[in-house]
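In: structure for the following, please:
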Amino acid sequence: MTASPRPSRLGERLPPFYCPLERDLLHPEAKQVEARAVEWVDAFGLYPDAVERAWGLATHSADFTCRIIPEGDAEALLLFCEWNYWANAVDDWQDSGSEEVGTGAVVEHGVRLLRTIENPGAAVLPDGPMTRALVDLVSRTHAMLGPFELRRFVEGTRDWLLGAAWRAAQAEAGNMPGLNDFAAMGPLANGTRFSLTWSDVARKGRLPAEVLFSPAVTALTDAAGFIVSADNDLFSYDKDDHLEPREVNLVNVLAARERCSPAEAVPLAVELRDRVMVLFTTLRARLSEGADPELRRHLTALGHYVAGCIAWQSRAPRYASPRNRFELPLAEAGFEIRYADAPSAAGTEPPDLPALASWWQWVRG
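Out: Alright, predicted model coming up:
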């Protein structure tokens, strides 16, 4: 990992990642997508000055986009990439720790954002660069997506905003939630369905509603979201470790539950994450048996989402040279990633967490 002026509470190195999925894929037009997305960012003045611009670009939103969707239409990827730059700017505002960013502010903004996506002419957000960029995104999204995909995107955005509001409420109350509550609601802030909608749009894939929203595929999607959220809580931990009360994330939830240090909670987080990864790969294999080509492509895309997020986060200066330690992001900052050959915990039984345990019924059924 990049040398830091302040050591991580998690220890010197991140733990190995168990990820028995196809890895290190990247869309062939990634550089072109990135260049065009940055032009869009600058055209709308998304960042008020050079410092904010540097931190905004340190999200590596184009790399995220092109690793979780390594194939498909470049125009769809470009629009999704621009959404990600915009959404990360909102995320940084939500995570700033400012007294002005309480639960009420997060909810107020979230409702207005959702209404703008559903009704671009609603005029419920104040004028400014962020709003003008959003109106452009919404207009082009309505033009590109059909009603079914647009509804999926709205629901995915709602997940993200509800999850962010829930985390903000916990922090505002000085409350570290219990593990089951966190497992049920914490990963919503990751915006899994926000991202997966664009994966299908770029690949021009469309599962019938009765398949996409079936209990088994829903469980698999939620499992993917939990894994990505758990991984993000490891990669992003240092970025928010200055906040008091402590950031609501999987490591801190487990540390509070077990009354241990964050470093001592890491193996517990990895064990739970790996257990869900085993469930994910097992259920995905089961669903692929006898599946038609469209479902198989969707199942493959879910794997790209999980593996691509690890590769992206390991290279993002946003995480490897965080703002609470560096004045500016280091362009070449990154984490040394190690991949585990086996899960950290043996066994295939569900965890003793009702929020997660129901997923296992679709493996046994």
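In: helices of the stretch 251-365 of the chain, start to end?
Out: For the stretch 251-365 of the chain, the helices defined by DSSP state H, counting those that start in this stretch cover 262-288, 293-315, 317-320, 354-357, 361-364.
In: let me know which of those helices is tucked in deepest.
Out: With neighbours defined by mean count of other C-beta atoms under 10 Å, none of the helices of the stretch 251-365 of the chain is more surrounded on average than helix 317-320, at a mean of 24. Every C-beta, even on glycine, is put in place using the N, C-alpha and C of the backbone.
In: mean confidence score for stretch 142-159?
Out: In this model, stretch 142-159 carries a mean pLDDT of 96.
In: could you list the buried residues of that stretch?
Out: Neighbour-count burial for stretch 142-159 flags Met144, Leu145, Glu149, Leu150, Arg152, Phe153, Val154, Gly156, Thr157, Arg158, Asp159 (criterion: 16 or more other C-beta atoms under 10 Å).
In: what's the answer for stretch 49-66, then?
Out: Within stretch 49-66, the residues that count as buried by 16+ other C-beta under 10 Å are 53-66.
In: low-confidence regions, the stretch 51-200 of the chain specifically.
Out: Along the stretch 51-200 of the chain, segments meeting pLDDT under 70 span 93-101.
In: returning to what we had before: closest to Leu353 out of the buried residues of stretch 49-66?
Out: Phe64 (28.2 Å; C-beta to C-beta).
In: about what we covered before: need the max-distance pair from the buried residues of stretch 142-159.
Out: Within the buried residues of stretch 142-159, Met144 and Asp159 form the most distant pair, 20.6 Å apart (C-beta to C-beta).
In: so which of the helices of the stretch 251-365 of the chain is nearest Met130?
Out: Closest approach to Met130 among the helices of the stretch 251-365 of the chain (C-beta to C-beta): helix 317-320, 18.5 Å.
In: now the closest one: average pLDDT?
Out: Confidence for helix 317-320, expressed as mean pLDDT, is 96.
In: show me what contacts Ala74?
Out: The neighbours of Ala74, taking C-beta atoms under 8 Å, 6 or more residues apart in numbering as the test, are His27, Glu29, Gln32, Val33.
In: and the furthest pair within the residues you listed?
Out: Pairwise distances across the contacts of Ala74 peak at 9.5 Å for His27 and Gln32 (criterion: C-beta to C-beta).
In: so between these two, which is more surrounded?
Out: Shown here are His27 and Gln32; by other C-beta atoms under 10 Å, His27 has more neighbours (22 against 15).
In: which residues sit in contact with the more buried one?
Out: With contact set as C-beta under 8 Å, 6+ apart, His27 has these partners: Val33, Thr65, Cys66, Arg67, Ile69, Pro70, Glu71, Gly72, Ala74, Leu77.
In: go ahead and name everything in contact with stretch 278-295.
Out: By C-beta under 8 Å, 6+ apart, stretch 278-295 touches 20-21, 205-207, 211, 216-217, 219-220, 223-224, 227, 296, 299, 302-303, 306, 343, 348, 350, 359-360, 362-363.
In: again, only this time at 7 Å
Out: By C-beta atoms under 7 Å, 6 or more residues apart in numbering, the residues outside stretch 278-295 that reach it are 20, 205, 207, 211, 216-217, 219-220, 223-224, 227, 296, 299, 302-303, 343, 348, 359-360, 362-363.
In: of those residues, buried ones?
Out: The neighbour count (16+ other C-beta under 10 Å) marks 20, 205, 207, 216-217, 219-220, 223-224, 227, 299, 302-303, 343, 359-360, 362-363 as buried among those.
In: can you list the contacts of Ala74 in TSV and add secondary structure, pLDDT and distance to Lys239?
Out: TSV is the format used below for those (DSSP: H, G, I helix; E, B strand; the rest coil; pLDDT from 0 to 100; distance: C-beta to C-beta, whole Å):
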residue	secondary structure	pLDDT	distance to Lys239
His27	coil	98	26
Glu29	coil	98	29
Gln32	helix	98	29
Val33	helix	98	25
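In: tell me the one of these nearest Leu179?
Out: Comparing those against Leu179 with C-beta to C-beta places His27 closest, at 36.2 Å.
In: for the host helix or strand of Phe80, output the C-alpha coordinates as CSV.
Out: Assigned by DSSP states H and E, Phe80 falls within helix 74-94. The C-alpha trace of helix 74-94 is given here as CSV (Å, rounded to 0.1, in the frame of the first residue of the first chain):
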residue,chain,number,x,y,z
ALA,A,74,-19.5,2.7,-25.1
GLU,A,75,-22.1,5.5,-25.2
ALA,A,76,-24.0,3.8,-22.4
LEU,A,77,-20.8,3.4,-20.4
LEU,A,78,-20.0,7.0,-20.9
LEU,A,79,-23.3,8.1,-19.5
PHE,A,80,-23.0,5.8,-16.6
CYS,A,81,-19.4,7.0,-16.0
GLU,A,82,-20.7,10.6,-15.8
TRP,A,83,-23.4,9.5,-13.4
ASN,A,84,-20.6,8.0,-11.2
TYR,A,85,-18.5,11.2,-11.2
TRP,A,86,-21.7,13.1,-10.2
ALA,A,87,-22.8,10.6,-7.6
ASN,A,88,-19.3,10.4,-6.0
ALA,A,89,-19.4,14.2,-5.6
VAL,A,90,-22.7,13.8,-3.7
ASP,A,91,-21.3,10.9,-1.7
ASP,A,92,-18.3,13.1,-0.6
TRP,A,93,-20.8,15.8,0.5
GLN,A,94,-22.7,13.2,2.5
